[in-house]
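[1] starting from these lines, generate the structure:
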Amino acid sequence: MRALAVTVSNRAAAGVYPDRSGPVLVDLLRRAGCDVVDGPLVIPDGDPVEEALRDSVAAGYDVVVTTGGTGLTPADLTPEMTRRLLDREIPGIAEAIRTAGAAAGVPAAILSRGLAGLAGRTLIVNLPGSTGGVKDGMAVLGRILQHAVDQVHGGDHRPAQNVGEPGGHAGSASG
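    From the prediction side, this is the model:
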């Protein structure tokens, strides 16, 4: 799985402070079995996010994970820029990431407006901009990433481990 980590931060992109969440994201993507050669790409929020996502889809990345720009400030536009590219949203991923953050003791995790979905054959997921938000989000994403990418590429369902009933799935998104 080819993956790209994108840090969305106006201040980190301007050199005001170093990117802290991007390197954590790269490490966790690699631990999840991704080939991360490029990045983290550090960009300001707004139109540069849309441009970077379009470029990554055109480059054929299987997975693009952003960190940052998902909050409530007027400058947080990553979900809006992401939505412009998505052909199909996958709300369960974003919901699970918010739920995991809240369960980890961060009530403000539910304020993240991050999205997840498909742009062509590229899975795009928005994570919060903190290192903790990246860790909590990747704890969810890492468990389903390979299966999701397999599905995007036409793969069949694999038997689930420890999910729902013995020997079966608790539910199936595609039937």
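
[2] C-alpha from now on. contacts and neighbour counts both.
    OK.

[3] what mean pLDDT would you report for the helix or strand encompassing residue 81?
    For residue 81, the enclosing helix or strand under DSSP states H and E is helix 78-83. When the per-residue pLDDT values of helix 78-83 are averaged, the result is 98.

[4] what sits up against it?
    Residues external to helix 78-83 that are found in contact with it (Cα atoms under 8 Å, 6 or more residues apart in numbering): 8, 45-47, 49-50, 53, 68-70, 113-115, 124, 126.

[5] which parts of this structure are helices?
    10-13, 21-31, 47-58, 78-83, 91-103, 131-152 (DSSP state H).

[6] same for the first one, what does it pack against?
    Pointing back at helix 10-13 there. strand 41-43 (3 or more Cα pairs under 8 Å, 6 or more residues apart in numbering; DSSP states H and E).

[7] out of the helices of the chain, nearest to residue 109?
    The closest approach between residue 109 and any of the helices of the chain, judged by Cα to Cα, belongs to helix 91-103 at 5.2 Å.

[8] helix 131-152 and the closest one, what's the angle between them?
    Here the directions of helix 91-103 and helix 131-152 differ by 150 degrees (axes from the mean of the first three to the mean of the last three Cα atoms, to 10 degrees).

[9] ok now helix 91-103, how far from the chain's centre?
    For helix 91-103, the separation from the chain centroid amounts to 11 Å (computed by Cα atoms, centre = their mean, to the nearest Å).

[10] what is the mean pLDDT for that helix?
    97.

[11] using PDB, write out every CA atom in it.
    Taking only C-alpha atoms (Å, rounded to 0.1, in the frame of the first residue of the first chain), the coordinates of helix 91-103 have been written out as PDB:
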ATOM      1  CA  PRO A  91     -18.600   7.900   7.500                       C
ATOM      2  CA  GLY A  92     -18.000   4.900   9.700                       C
ATOM      3  CA  ILE A  93     -14.200   5.500   9.700                       C
ATOM      4  CA  ALA A  94     -14.500   9.100  10.800                       C
ATOM      5  CA  GLU A  95     -17.100   8.200  13.400                       C
ATOM      6  CA  ALA A  96     -14.900   5.400  14.800                       C
ATOM      7  CA  ILE A  97     -11.900   7.800  15.000                       C
ATOM      8  CA  ARG A  98     -13.900  10.400  16.900                       C
ATOM      9  CA  THR A  99     -15.400   7.700  19.200                       C
ATOM     10  CA  ALA A 100     -11.900   6.200  19.900                       C
ATOM     11  CA  GLY A 101     -10.500   9.600  20.800                       C
ATOM     12  CA  ALA A 102     -13.400  10.300  23.200                       C
ATOM     13  CA  ALA A 103     -13.000   6.900  24.700                       C
END
